[in-house]
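1. sequence unknown, structure follows:
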């Protein structure tokens with residue numbers, strides 16, 4: 001149930017998923033220096049600090065309004081730990 005739309009609480013917030021936003025986030029090209037540095041570190045090393053993960057995930061859902069499951073899938077694919 002955790003990976004269903006709305007998660008365990010059944011959140012009904014609509015995700016806008018703006019075109020290109022997810023790819024910019026993945027590539028570390030959002031224009032936010034902290035987010036971009038963390039995403040580039042992940043791509044280069046397979047690692048990211050816990051605080052970095054929280055920051056980039058928060059940016060993805062609150063600033064870019066992208067469905068969190070896309071971020072979870074990206075982390076699952078790239079994180080080594």
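-> Cool, the structure landed. Note that the coordinates shown come from a computational prediction; the quantities given were computed from them, not determined experimentally. Numbers count the residues shown, from 1 in each chain.
2. for the rest of this, base every contact and every neighbour count on C-alpha atoms.
-> Fine.
3. pLDDT below threshold where in this protein?
-> Low-confidence segments of the chain (pLDDT under 70): 1-2, 8.
4. so who does the residue nearest to the spatial centre of the chain touch?
-> Centroid-nearest residue in the chain: residue 71, 3.5 Å away (criterion: CA atoms, centre = their mean). Taking CA atoms under 8 Å, 6 or more residues apart in numbering, we find residue 71 in contact with 57, 60.
5. so which strand or helix has it?
-> helix 68-78 (DSSP states H and E).
6. likewise for residue 66?
-> Counting by DSSP H and E, residue 66 is part of no helix or strand.
7. what's around it, how many residues?
-> For residue 66, the neighbour count with other CA atoms under 10 Å is 22.
8. isn't it right up against residue 17?
-> Yes - counting by CA atoms under 8 Å, residue 66 sits close enough to residue 17 to count as a contact (4.4 Å).
9. go through the helix ranked longest in the chain and flag the buried ones.
-> Secondary structure of the chain per DSSP state H: the longest helix is helix 33-45. For helix 33-45, a neighbour-count test (16 or more other CA atoms under 10 Å) marks 35-43 as buried.
10. equivalent analysis for stretch 68-75, please.
-> Here stretch 68-75 shows 68-71, 75 as buried, counting by 16+ other CA under 10 Å.
11. ok, stretch 14-33 next?
-> 17, 21-22, 25-26, 28-30.
12. which of these fall in helices?
-> Going by DSSP H, the helices hold 21-22, 25-26 from the buried residues of stretch 14-33.
13. closest one of those residues to residue 6?
-> Minimum distance to residue 6 across these is 18.7 Å, recorded for residue 22 (CA to CA).
14. quick check: that closest one vs residue 53, distance?
-> For residue 22, the distance to residue 53 (CA to CA, to the nearest Å) stands at 15 Å.
15. do residue 67 as well
-> To residue 53, residue 67 is 16 Å away according to CA to CA.
16. now swap in residue 62 and tell me
-> Between residue 62 and residue 53 the computed distance is 14 Å (CA to CA).
17. many thanks, have a good one.
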